[in-house]
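Asker: With the sequence up front, the predicted model follows.
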Amino acid sequence: MTKFRSESLTLNTDTKIPFIGFGTYLIPSDEAAAAVRTAIDVGYRHIDTAEFYHNEESVGEGIRAALKDISLSREDIFVTTKLWPGNPEWDMPAKTQEQTLVAARASLARLGLDYVDLYLIHSPHGGAERLGQWKALLELRNSKKARAIGVSNYNIAHLEEIRNAGLPMPDANQIELHPWSQKTELIAYMRAHQIAPIAYSSLAPLSTWRTAPDHHSAKTGEMRETDTTLTRIAVKHGVSEAQLLLRWGMQNGYPVLPKSTKRERMISNFDLDGFSLDEADMAEIRGLDRGDGLAWTGGDPTRAV
Ligand code: NAP
């Protein structure tokens with residue numbers, strides 16, 4: 001049985017990304033330092049943040065506190081952050097190649113780090129600037145400010161745009177992946193081009209997913225259903241549905257990024273090695289795919305833009 005707790009996936013650049021990461025979206029900056037400090041304390045060695053989350057400074061503070069208190073070194077923690085590419089649909093001009101480099105330096109300064117392990121373009125909303133942004137990321141990898149680089153929320157058309165331009169392909173694509181949104185065609189394409197999938201919003205089918213008043217996700221109610229398959233399989237293995245969802249992602253080969261502000265949940269979301277889903281479970285869960293995702297509220301980031 002694979003022990004994901006201490007396992008990593010090796011990206012193209014030989015960078016090893018730990019399978020279990022800690023997500024920080026919607027953790028406000030006055031709470032992120034403590035949350036990240038706690039996550040590292042309970043065993044997480046992979047932290048995911050973004051310019052858009054407005055918590056990089058606090059995440060960096062939490063990482064530094066943990067390194068000091070637990071006697072770890074920078075190399076022990078895998079840190080991902082993301083470029084906000086702009087989004088003209090939201091009246092945010094797309095960043096140019098030069099502005100992308102400036103934004104990356106600003107993220108590093110806020111995090112208080114010399115490099116990140118993975119730097120991603122957060123979404124394909126850069127439009128005409130998309131390839132320029134990607135060229136900037138290639139520069140960042142060359143100058144060792146990012147050990148690996150990738151994209152997020154890109155579909156096949158966006159990835160083909162990079163390939164058709166004759167540029168090196170991303171090391172990873174971080175996308176919404178859970179039993180209701182399995183994206184089989186995109187995953188097959190990514191596998192064929194050595195682009196590692198990283199799963200976000202793994203816990204979206206849970207009734208507790210983003211239930212705080214300001215954590216609204218427009219499609220949550222719409223997608224919520226009464227199907228009991230996940231509950232039944234979780235009961236069969238004596239685990240929580242959250243643990244089932246996370247193990248499912250990793251058994252498909254996806255690093256996962258569970259977010260919680262609660263220590264007990266952080267612990268159980270990291271405790272995923274005491275059971276394994278069998279072929280029958282995996283086949284049954286494959287049947288739950290509903291194609292669509294639900295994490296983004298402001299338009300579907302996976303369509304060509
Ligand atoms: P998630 O980790 O799938 O789910 C988090 C939600 O589930 C929170 O409401 C949390 O509440 C609750 N939860 C956590 N553990 C639980 C448990 N064991 N039992 C019951 N409920 C539990 O959601 P996410 O934040 O959307 O995604 C994870 C990470 O992926 C993000 O934090 C971010 O780093 C990344 N992400 C990236 C993108 C992108 O566009 N690239 C988009 C979305 C997310 P509490 O906090 O109250 O525990």
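Answerer: Right, received. Where do you want to start? Please read all numbers here as calculations on a predicted model, not as lab measurements.
Asker: and the residue of this protein nearest the ligand?
Answerer: residue 23 (2.4 Å; C-beta to the nearest ligand atom). Bear in mind the C-beta positions are built from the backbone N, C-alpha and C, glycine included.
Asker: how many other residues sit next to that residue?
Answerer: Neighbourhood size, residue 23 [other C-beta atoms under 10 Å]: 25.
Asker: my guess is it meets residue 265, correct?
Answerer: No - taking contacts as C-beta atoms under 8 Å, residue 23 lies outside contact range of residue 265: 11.7 Å.
Asker: what sits in contact with each of those two?
Answerer: residue 258 (C-beta atoms under 8 Å, 6 or more residues apart in numbering).
Asker: Tell me the bridge partners for the residue nearest to residue 196 when sequence neighbours are not counted.
Answerer: The shortest distance from residue 196 to any non-neighbouring residue, by C-beta to C-beta, 6 or more residues apart in numbering, is to residue 172 (4.3 Å). As for beta bridges, residue 172 partners with residue 150, residue 196 under DSSP bridges.
Asker: circling back to that earlier point, now do the contacts for the residue lying closest to the residue of the chain closest to the ligand once chain neighbours are set aside.
Answerer: Distance criterion C-beta to C-beta, 6+ apart; nearest residue to residue 23, sequence neighbours excluded, is residue 259 at 3.4 Å. Contacts for residue 259 were tallied using C-beta under 8 Å, 6+ apart; they are 22-27.
Asker: Tell me the spacing between residue 232 and residue 244.
Answerer: For residue 232, the distance to residue 244 (C-beta to C-beta, to the nearest Å) stands at 10 Å.
Asker: Which one's more surrounded, these two?
Answerer: residue 244 (24 against 11).
Asker: so the more buried one touches residue 274, yeah?
Answerer: No - using C-beta under 8 Å, residue 244 is not in contact with residue 274, being 12.0 Å away.
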